[in-house]
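Q: Need the 3D shape of this:
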Amino acid sequence: MRRLLSLLLSAALALSLAACGPSDGASGSQSGSASPVPDASQVPVDIPFSLAVYPAYSLHPVLAENRANLTLVPLLYEPLFQLDGSFQAVPVLCQSYTAGPDNLSWTFTLRSGVTFSDGTPLTAEAVAAALNTARQEGSRYAQRLRDVTSVTAGDGSVTVTLSRPNGDLPALLDIPIANGSGDRPAGTGPYILSGEGEELLLTARSDWWQCKALPAREIPLTAVERSDDLISSFASGDTGLVDVDLMGTNALGYSGNYETWDYATTDFLYLGFNVQRGICQRPEVRRALALAVDRDSIVQVDYARHAAAASLPVHPASSLYDEELAQALSYDPEQLASQIEELRLSGRSLTMVVNSENTAKTAAAQRIADQLEAAGLKVTLSKLAFADYTAALAAGNFDLYLGEVVLTADFDLSPLLSSTGTLNYGGWQDGEADLLLADLRGTSGLQRKTAAQALFAYLEQQTPIVPICFKNGSVLTQWCRLSGLAPIRGNVFAQLENWSIS
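A: Numbers count the residues shown, from 1 in each chain. Next up, the predicted model:
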């Protein structure tokens, strides 16, 4: 039966192998493994494109936790907004929206004529219920929506009320909308899930409101139970695509001939300071130590180019990124040595802590420590297990620490830098910074970019943290199986209509 399905899909798609692989300008790389690259004529054409699924785990787009199942979400569900490659919110199920003058209340008008896969119309009541589910405890979006005080349904619209102004709320609403709270609720996406047990299948909807061409009428799902199953399924070709964090802690090791398609994320790596005690209390010292961060080497070597260097605490792809200011914050070992001498810091001791369970982070921390020592400081690099690392941060037992945080897509830095921030491990207290943080969060349009420039200029002077890079997510695909991918954070199937399957 599987062989017959393979032949039917191959005949229906009638695609040429000559067109496979990333096109010019694509984010994909062709160095996914050390295995020799196969000749296109040797690539089997009778293997259908399939995806992995964990049948024993939930497929609910908000309540599920399994990464492979969450990868499938954009094929089944759609959000009010989808983020593009520059983290701008693009309307999907939302037709239009308005915000109150204080950006505390937002009203989103829904598209008409949209139905869930079970035939139920998309209504304001269903969207409000879905967003309220996303706010509840146990949802992976609960922290993101912590400032939402209410979500109410109106006549074809949904109103979201906030406790704090947010001028970029749509960027937080790339939350998939499901009709219900079961493990497999209906969605408005291009495919419908069918089957029972381990025999699951995605079938293209004939009534999908977007009416875009899809690369396959059916996508078989390969059932897996453990991580090892997923690795072997991908290596054997039974699974044609996986979404991974190649630089993550305990990242799975994939093998075989594959292509890598990176996409930007808000996963932020930075160097933090203890500003409450020790030599890092003074901003001029922190500015000097910031010169030791060789972002390009960290990205290219320690993170194997699966990251984007950033001198500001916002992704370089964002319109908020100020290239001119970023240029002034470059790595400069000669200036570092000069500043260490001028500030009479030569021979002083520093303790840096890093989580030992992530090899990329420990390598980056070692690189920074080596630069500081070359400039005349004595650095003790403590590589700690995660529990010990977090305990050291909570107790303030450090001068420097290498930190990582997943920011929200509106790049709200309040948890990290505000006086009451839950992630403000360095203990930085600054009233002016609090006002600038609130200004950035609460404004929109051109005022938002102006607010960002003011905040980043102030942070450059005070240097409570040193931005290093933003990690990439990665999509791995079987060699020469797929082309046309344009993955984005939260949706590796973005622009699916442009895909080709060979």
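Q: For the rest of this, base every contact and every neighbour count on C-alpha atoms.
A: OK.
Q: buried sites along stretch 209-227?
A: The neighbour-count check on stretch 209-227 (16 or more other Cα atoms under 10 Å) flags 209, 214-216, 218-224 as buried.
Q: now those residues as CSV including pLDDT and distance to Tyr303?
A: Output for those, formatted as CSV (pLDDT from 0 to 100; distance: Cα to Cα, whole Å):
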residue, pLDDT, distance to Tyr303
Trp209, 97, 41
Leu214, 92, 34
Pro215, 91, 33
Ala216, 91, 34
Glu218, 93, 36
Ile219, 94, 33
Pro220, 94, 33
Leu221, 95, 32
Thr222, 94, 31
Ala223, 94, 31
Val224, 94, 29
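Q: just the residues you listed now: which is nearest Glu357?
A: Val224 (26.3 Å; Cα to Cα).
Q: by contact count, what packs against the lengthiest strand in the chain?
A: Longest strand in the chain, counting residues (DSSP state E): strand 258-273. Packed against strand 258-273 by the contact rule (3 or more Cα pairs under 8 Å, 6 or more residues apart in numbering; DSSP states H and E) you find strand 28-29, strand 400-406, strand 465-478.
Q: just the angle between it and strand 400-406, please?
A: 130 degrees (axes from the mean of the first three to the mean of the last three Cα atoms, to 10 degrees).
Q: ranges for the helices of the stretch 151-300 of the chain?
A: Along the stretch 151-300 of the chain, counting by DSSP state H, counting those that start in this stretch, helices occupy 227-236, 283-290, 295-297.
Q: Would you point to the one among those that's packed deepest?
A: helix 283-290 (a mean of 21; mean count of other Cα atoms under 10 Å).
Q: between that helix and strand 258-273, what angle do the directions make?
A: 150 degrees.
Q: Can I get helix 283-290 as CSV, trimmed to CA atoms?
A: The C-alpha trace of helix 283-290 is given here as CSV (Å, rounded to 0.1, in the frame of the first residue of the first chain):
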residue,chain,number,x,y,z
PRO,A,283,29.2,51.6,33.6
GLU,A,284,32.6,52.6,32.2
VAL,A,285,34.0,49.3,33.3
ARG,A,286,31.1,47.4,31.7
ARG,A,287,31.6,49.4,28.5
ALA,A,288,35.2,48.4,28.4
LEU,A,289,34.5,44.7,29.1
ALA,A,290,31.9,44.7,26.2
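Q: And the strands in the stretch 251-400 of the chain?
A: Using DSSP state E, counting those that start in this stretch, the strands of the stretch 251-400 of the chain run over residues 258-273, 307-309, 349-355, 378-384, 400-406.
Q: Which elements pack onto the helix or strand that contains Ala129?
A: Assigned by DSSP states H and E, Ala129 belongs to helix 124-135. Using 3+ Cα pairs under 8 Å, 6+ apart, the elements in contact with helix 124-135 are strand 148-153, strand 157-162, strand 176-177.
Q: Of the helices of the stretch 151-300 of the chain, which is nearest Val92?
A: Among the helices of the stretch 151-300 of the chain, helix 227-236 sits nearest to Val92 (Cα to Cα), with 31.4 Å.
Q: what's that closest one in contact with?
A: 52, 222, 224, 239-242, 252-257, 478 (Cα atoms under 8 Å, 6 or more residues apart in numbering).
Q: I'd like the strands of the stretch 251-400 of the chain written out as JSON lines, with mean pLDDT, distance to Asp102 and mean neighbour count added.
A: As requested, these are arranged in JSON lines below (pLDDT from 0 to 100; distance: least, Cα to Cα, whole Å; neighbours: other Cα atoms under 10 Å):
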{"stretch": "strand 258-273", "mean pLDDT": "97", "distance to Asp102": "26", "mean neighbour count": "24"}
{"stretch": "strand 307-309", "mean pLDDT": "98", "distance to Asp102": "34", "mean neighbour count": "24"}
{"stretch": "strand 349-355", "mean pLDDT": "97", "distance to Asp102": "41", "mean neighbour count": "21"}
{"stretch": "strand 378-384", "mean pLDDT": "98", "distance to Asp102": "45", "mean neighbour count": "18"}
{"stretch": "strand 400-406", "mean pLDDT": "97", "distance to Asp102": "27", "mean neighbour count": "20"}
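Q: now those strands in a markdown table, with distance to Gly189?
A: Output for the strands of the stretch 251-400 of the chain, formatted as a markdown table (distance: least, Cα to Cα, whole Å):
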| stretch | distance to Gly189 |
| --- | --- |
| strand 258-273 | 22 |
| strand 307-309 | 30 |
| strand 349-355 | 39 |
| strand 378-384 | 44 |
| strand 400-406 | 27 |
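Q: closest one to Glu65 among those strands?
A: With Cα to Cα as the yardstick, what comes closest out of the strands of the stretch 251-400 of the chain is strand 400-406 (16.3 Å).
Q: That closest one pairs with which strands?
A: Each strand paired with strand 400-406, and its direction, by DSSP bridges: strand 258-273 (antiparallel), strand 349-355 (parallel).
Q: Next secondary structure after it?
A: Next along from strand 400-406, by DSSP H and E: helix 414-417.
Q: Show me the domain layout of this protein.
A: 78-188, 263-472 (automatic domain parsing).
Q: Relative to Glu497, which of those is closest?
A: Here domain 78-188 is closest among the domains of the chain (Cα to Cα), at 15.2 Å.
Q: Could you pull up the contacting residues of the residue nearest to Gln143 when sequence neighbours are not counted?
A: For Gln143, ignoring the flanking residues on the chain, the nearest one in space by Cα to Cα, 6 or more residues apart in numbering is Arg135 at 7.8 Å. By Cα under 8 Å, 6+ apart, the contact list for Arg135 reads 141-143, 145-146, 148.
Q: Also Asn179?
A: Applying Cα under 8 Å, 6+ apart, the residues near Asn179 are 116, 126-127, 130, 185-187.
Q: Let's see that with 7 Å instead.
A: 126, 130, 185-187 (Cα atoms under 7 Å, 6 or more residues apart in numbering).
Q: any idea how far Ala186 is from the closest residue to Val224 other than its chain neighbours?
A: Closest residue in space to Val224, ignoring its immediate chain neighbours: Tyr54 at 5.3 Å, by Cα to Cα, 6+ apart. Going from Tyr54 to Ala186 by Cα to Cα, to the nearest Å gives 18 Å.
Q: Could you do Trp106 as well?
A: 26 Å.
Q: Would you mind pulling the contact partners of stretch 373-380?
A: By Cα under 7 Å, 6+ apart, stretch 373-380 touches 336-337, 340, 345-352, 369.
Q: Relative to Leu173, which of those is nearest.
A: Nearest to Leu173 among the contacts of stretch 373-380, with distances taken as Cα to Cα, is Met352, at 37.1 Å.
Q: wait, isn't that closest one in contact with Tyr401?
A: Yes. With contact defined as Cα atoms under 7 Å, Met352 reaches Tyr401; the gap is 5.2 Å.
Q: Give me the distance between the residue nearest to Val224 and Leu72.
A: 11 Å.
Q: out of those two, which sits in the busier spot?
A: Leu72 (23 against 20; other Cα atoms under 10 Å).
Q: who are the neighbours in contact with the more buried one?
A: Per Cα under 7 Å, 6+ apart, neighbours of Leu72: none.
Q: any idea which helix is longest in this structure?
A: helix 445-462 (DSSP state H).
Q: residues making contact with it?
A: 283, 312, 320, 322, 436-437, 439-440.
Q: Find the pair from those residues with maximum spatial separation.
A: Pro283 and Leu320 (24.1 Å).
Q: would you put the C-alpha positions of the helix or strand encompassing Leu437 in CSV?
A: In this assignment (DSSP H and E), Leu437 forms part of helix 431-442. Output in CSV follows, covering the C-alpha atoms of helix 431-442 (Å, rounded to 0.1, in the frame of the first residue of the first chain):
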residue,chain,number,x,y,z
GLY,A,431,14.5,54.8,36.7
GLU,A,432,15.4,56.3,33.3
ALA,A,433,15.7,52.9,31.7
ASP,A,434,12.3,51.9,33.1
LEU,A,435,10.7,54.9,31.5
LEU,A,436,12.4,54.1,28.1
LEU,A,437,11.4,50.5,28.3
ALA,A,438,7.8,51.4,28.9
ASP,A,439,7.9,54.0,26.1
LEU,A,440,9.1,51.4,23.6
ARG,A,441,6.5,48.9,24.7
GLY,A,442,3.6,51.3,24.6
